[in-house]
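**Q** Okay, sequence plus prediction incoming.
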Amino acid sequence: MAKIDPETLPYRPCVGALVINKDRRVFIGHRADGPEEPEGPGTWWQMPQGGIDEDEDPEAAVYRELYEETSIRSVELIAESHSWFTYDLPPELVGKAWKGRYRGQTQKWYLLRFTGNDEEIEILKPGGGHHKAEFNAWKWTAVDDLVDHVVPFKREVYQQIVAEFADRIR
C-alpha cells in the first residue's frame, strides 16, 4: 500500500462551538470513540464540532452540529471567529481518519451563550437521531483549563480560539 502524501489532501471544512454557560464555564464532551475508530478510543475532551454539509452555511452548520452532538438548542450567538483555524492530523492518522480523504480540518468557530437548563443536554441520544453519540460524558470547565483536556494535535487551535474570544468569555 502506497503511503499518502498529506500535502495532496485537502482540509475538511468544519465548524466548532465554544459554548459558555451563565458562569462563563465552557461545555466540553468526552469522546465516545471505540477502539475501531481511526483516532483510537476516546481519551480526550473537546468542544462540539463537525463537518459542514455541501452548500451549507457555516452558522447553520454550527447549530446543527451542536444539536446533533448535545441536543442543545437554547443558545445565543455572541461572536463568530474572524478567520478559519486549521490543524493537521498526526502523520499516523493521515489516510485513516475520515476515510483518508483529508489531511486535517479547517474550522470556523462560534462563541455561543447557553441559555437553557442543564437538563436540556442529552449526549447519549442527541438530537437528530441519525448517528451514534459523539460523547459519553460532558461537563462545564473553566476556560483556563480547557486546553489541558484536549488531544495534543488540537491544542494550538484551541489556544487560538480562546485567545480570540477571551474578552467575551472572561
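**A** Arrived safely. Numbers count the residues shown, from 1 in each chain.
**Q** Strands along this structure, start to end?
**A** 11-20, 26-31, 45-46, 49-51, 75-80, 85-88, 104-114, 135-141 (DSSP state E).
**Q** do you know how far the residue nearest to the spatial centre of the chain is from Thr115?
**A** By Cα atoms, centre = their mean, the chain has its centre lying nearest to Gln49, at 2.6 Å. To Thr115, Gln49 is 20 Å away according to Cβ to Cβ, to the nearest Å. Quick note: C-beta positions are derived from backbone N, CA and C, even for glycine.
**Q** Low-confidence stretches in this protein?
**A** 1-3, 34-43, 130 (pLDDT under 70).
**Q** one more time with 90, if that's ok
**A** Counting by pLDDT under 90, the chain has low-confidence residues at 1-8, 31-44, 90-100, 125, 127-134, 151-153, 170.
**Q** Residues touching the longest helix along the chain, excluding its own?
**A** Using DSSP state H, we find that the single longest helix of the chain is helix 152-169. Residues from elsewhere that reach helix 152-169 (Cβ atoms under 8 Å, 6 or more residues apart in numbering): 16, 18, 20, 24, 26, 46-47, 78-79, 81-82, 85-90, 107, 109, 111, 143, 146-147, 150.
**Q** Let me know how buried Pro10 is, in neighbour terms.
**A** Neighbour count for Pro10, taken as other Cβ atoms under 10 Å: 10.
**Q** Ile20 touches Leu112, doesn't it?
**A** Yes. The criterion here is Cβ atoms under 8 Å, and Ile20 meets it with Leu112 at 7.4 Å.
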